[in-house]
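[1] Here's a sequence, model it:
(chains A and B)
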Amino acid sequence: MAAITIENVGKTYAGGVPAVQGIDLNIRDGEFVVLVGPSGCGKSTLLRMIAGLEEITEGTVRIGDRVVNRLEPAERDIAMVFQNYALYPHMTVRQNLSYGLKNRGTPRDEIVRRVDEAARILEIGAYLDRKPRALSGGQRQRVAMGRAIVREPSAFLFDEPLSNLDAKLRVTMRGEIRTLQRRLGTTSVYVTHDQLEAMTMADRLVVLRQGRIEQVGTPLDVYRNPVSTFVAQFIGSPSMNLMSGTVRAGEVRVADAVYPAPGVPDGAVTVGLRPEDFALVPGGARAGMPARLVNIEELGSQRLGYFRVGGETVVASFPAGQVLSTEMTLYPDLSRLHLFGADERRIDPAPLRAGAV
Amino acid sequence: MVENHRWLDVLAHLTLILGVVIVAFPVYIAVVASTHEPADFVSGLIPLLPGDNAVATYASVLEGGVSSQMSVPILTMLKNSLIMAVLIAVGKIVISVLSAYAIVYFRFPFRQLAFWMIFVTLMLPVEVRIVPTFQVVADLGMLNSYAGLTIPLIASATATFLFRQVFLTIPDELMEAARIDGAGPMKFFRDILLPLSRTNIAALFVILFIYGWNQYLWPILITTDAGFYTIVAGIKRMADVVDSEPLWNYIMATAVLAMLPPVIVVIAMQRLFVKGLVETEK
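    Have a look, this model is predicted:
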């Protein structure tokens, strides 16, 4: 168990291409932090720098109170779960689990105890004498988890461990990983490009973009108060609708409707609205946006309507069974209206700030 | 085959049978020749059916009783060939697996250069560099020794290249997992890489054993001491008689015996051999 402190960490590859820059992050003891971002955002590089598989060009990484910059991966007291599991194909599951302990000189009966314990927790006892190739994807994933558990490390590092599983198993496994992590209380850093995985698993989300941290926060905080259009679009599915609008004298005009935006400087803005923040009936003093229905997607529990609104496509979600017609008016929930400036950064209108949090 | 016509099957079989006949016929003649009297073979009419002299021929060949033409007992030559083939095969595998490991897994200065230099030596087989190589071996006093027979043939670009390809198919994550598991470079090599390339090593051993066994020019050049004659070179010496007809039945009997060890190696390691050549999943 340990906190991980990352200070001003950067990675520059040969040729001067910066992959990761100026990362500051404090991961608390026992916390489950998810690094999320599109491919090429540097999330795996950051994780591999914590693991010691990638050299740290600048800054320091601390695990517990030790600076680990110069330590070999094996000396950092971490365990890693890889995307393709990286199980040793020629060893049985038992040998896979005990290999690291054996290298460390752990006494034989202690190895047996820990392997049995891990096998019990993960319910892989029946396959201990099989080779990885005789296991299904989900079972291999468990063995990979087991290899991490037996080490009893101060931190788990996960590098997209669920990407190779089918959708259904992924949902099950993400629950299991989270339950297991809570039970063991081990600090965990988890890398994924799947925003849903990130949202559902994280204590705190770290959204990365082009090697820099874009936003850090709890999943709900990031969801409700995205700091930029990038985060707004990346987190949430279907992603947030972004429409172009103009602010003049404390009011924003978007798609022929005008909404209050007190304290926002005049100029072009991007107006963000999540699909679930539309209603079909006016509430209070809200103005509606005239919309033409283009397509409907049925999700079972809800239906998604795709509309043309003032030349832009807008997605809105409604409860299942909601009747939709070709010409309608959409009424946005003003407390959930997001404004982004020309620099794509969030602008909080003065009175709305309280309601938005 | 995409289509499944009967005549296509017949045609395919005929083609294959023809191929087998072409390949196997000389071997058959050798076996037949070893069962006849020496004179039968040079009478102008080559016999196509086995004769009745087989037992006598093989017995005297094995006893080394044909003193006029065989100064060295065949068992000594078989032993020399065996030592040479095994040393070459093992030496080539050890050296190439180590150099491939260095090239694939270590970042050292001039790594690419080292790889390409090894690769370029592919274009210089023993026959091309045989004169300078002989000079070096002679200067080192390695004529008429097992060292002289094997060392110049051991360095192998082909095997290095093959192991490089094998190692490249092994996912990097495996190495990283081993690093996290506390396995140093040699431990990773011994515990992970070697077991994973087991089938490739076996396949290569078969190929290299036969390569070493069939060495002809080099042993002839550097062995003058009869105690170091190898069997393949020995056959040539048997045919090289000046004052009488070569005893073809004995020569062919020796050739047949010389074929046996490689055949045994191939049969014994066939399963691993095929696996090593076709297996891709790591």
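[2] what's the neighbour count on A:Val17?
    Number of residues near A:Val17 (other Cβ atoms under 10 Å in any protein chain shown) recorded here: 9. In this view, the C-beta of every residue, glycine as well, is placed from N, C-alpha and C.
[3] Can you give me the pLDDT of it?
    Looking at A:Val17, its pLDDT stands at 84.
[4] Phi first, then psi, for it.
    Note on A:Val17: its backbone torsions stand at phi -80, psi 120 [degrees, to the nearest 10].
[5] Where does the prediction get shaky in the chain?
    Assuming you mean chain A. Residues of chain A meeting the criterion pLDDT under 70: A:1, A:284-286, A:350-357.
[6] wait, I meant chain B there
    B:1-3, B:41, B:64-71, B:277-282.
[7] At the contact with chain A, which residues of it appear?
    B:171, B:173-174, B:176-183, B:187, B:191-192, B:195-196, B:198, B:281-282 (Cβ under 8 Å from any Cβ of the partner chain).
[8] so where do the strands sit in the stretch 201-350 of chain A?
    Applying DSSP state E, counting those that start in this stretch to the stretch 201-350 of chain A gives strands spanning A:204-209, A:212-217, A:241-248, A:251-254, A:257-260, A:267-273, A:278-279, A:289-298, A:302-309, A:312-319, A:327-332, A:338-340, A:346-347.
[9] Tell me how chain B divides into domains.
    Dividing chain B into domains by automatic domain parsing, as the record does, gives the ranges B:6-62, B:74-278.
[10] before we move on, the earlier item: the residues of chain B next to chain A in helices, which ones?
    B:173-174, B:176-180, B:187, B:195-196, B:198 (DSSP state H).
[11] mind putting those in JSON lines, neighbour count and distance to B:Val32 included?
    Formatted as JSON lines, these follow (neighbours: other Cβ atoms under 10 Å in any protein chain shown; distance: Cβ to Cβ, whole Å):
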{"residue": "B:Glu173", "neighbour count": "17", "distance to B:Val32": "58"}
{"residue": "B:Leu174", "neighbour count": "21", "distance to B:Val32": "54"}
{"residue": "B:Glu176", "neighbour count": "20", "distance to B:Val32": "61"}
{"residue": "B:Ala177", "neighbour count": "28", "distance to B:Val32": "59"}
{"residue": "B:Ala178", "neighbour count": "25", "distance to B:Val32": "57"}
{"residue": "B:Arg179", "neighbour count": "19", "distance to B:Val32": "61"}
{"residue": "B:Ile180", "neighbour count": "26", "distance to B:Val32": "64"}
{"residue": "B:Lys187", "neighbour count": "14", "distance to B:Val32": "56"}
{"residue": "B:Pro195", "neighbour count": "13", "distance to B:Val32": "46"}
{"residue": "B:Leu196", "neighbour count": "18", "distance to B:Val32": "46"}
{"residue": "B:Arg198", "neighbour count": "13", "distance to B:Val32": "41"}
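[12] How far does stretch A:128-139 stretch from one end to the other?
    11 Å (Cα to Cα, to the nearest Å).
[13] how far is that stretch from where the chain is centred?
    Between the centre of stretch A:128-139 and the centre of its chain there are 29 Å (Cα atoms, centre = their mean, to the nearest Å).
[14] And the ones in helices among the residues of chain B next to chain A, which two are furthest apart?
    Across these, no pair lies farther apart than B:Ile180 and B:Arg198, at 23.9 Å, counting by Cβ to Cβ.
[15] Quick one: closest of the domains of chain B to A:Arg66.
    Nearest to A:Arg66, of all the domains of chain B, is domain B:74-278, at 16.5 Å by Cβ to Cβ.
[16] separation between the nearest residue to B:Phe106 once chain neighbours are set aside and chain A?
    Of all residues not flanking B:Phe106 in the chain, B:Pro185 sits nearest, at 7.8 Å (Cβ to Cβ, 6 or more residues apart in numbering or on different chains). Here B:Pro185 is placed at a distance of 11 Å from chain A (Cβ to the nearest Cβ, to the nearest Å).
[17] Pick the most deeply packed of the domains of chain B.
    domain B:74-278 (a mean of 17; mean count of other Cβ atoms under 10 Å in any protein chain shown).
[18] What's the nearest residue in the stretch 101-250 of chain A when you look at chain B?
    Residue nearest to chain B within the stretch 101-250 of chain A: A:Asn103 (3.9 Å; Cβ to the nearest Cβ).
[19] Would you confirm that that residue contacts B:Asp181?
    Yes - because the distance of 5.7 Å satisfies Cβ atoms under 8 Å, A:Asn103 is recorded as touching B:Asp181.
[20] Now for those two: what residues contact both?
    Listed as contacting both A:Asn103 and B:Asp181 by Cβ atoms under 8 Å, 6 or more residues apart in numbering or on different chains are A:Ala74.
[21] Okay, B:Pro125 and B:Trp213: tell me how far apart.
    17 Å (Cβ to Cβ, to the nearest Å).
[22] what about the residue nearest to A:Arg212 when sequence neighbours are not counted, distance to chain B?
    Residue nearest to A:Arg212 in three dimensions, not counting chain neighbours: A:Gln21, with 5.6 Å by Cβ to Cβ, 6+ apart. Going from A:Gln21 to chain B by Cβ to the nearest Cβ gives 23 Å.
[23] So what's the residue count around A:Gln21?
    When neighbours are counted by other Cβ under 10 Å, A:Gln21 registers 18.
[24] Wasn't it part of a helix?
    No - under DSSP: H, G, I helix; E, B strand; the rest coil, A:Gln21 falls outside any helix and is assigned strand.
[25] That one touches A:Gly10, doesn't it?
    Yes - using Cβ under 8 Å, A:Gln21 is in contact with A:Gly10, at 4.8 Å.
[26] Please identify every residue contacting each of these two.
    Residues touching both A:Gln21 and A:Gly10 by Cβ under 8 Å, 6+ apart: A:Gly211.
[27] For chain A, give me its nearest residue in the stretch 1-150 of chain B.
    Of all residues in the stretch 1-150 of chain B, B:Arg107 sits closest to chain A, at 10.4 Å by Cβ to the nearest Cβ.
[28] For B:Leu18, see how far away that residue is.
    53 Å.
[29] Kindly report the same for A:Thr45.
    60 Å.
[30] now do B:Ser99
    In terms of Cβ to Cβ, B:Ser99 sits 43 Å off from B:Leu18.
[31] which residues sit in contact with the nearest residue to B:Met175 once chain neighbours are set aside?
    Once flanking residues are discounted, B:Met175 sits nearest to B:Phe188: 6.3 Å by Cβ to Cβ, 6+ apart. Going by Cβ under 8 Å, 6+ apart, B:Phe188 touches B:175, B:178-179.
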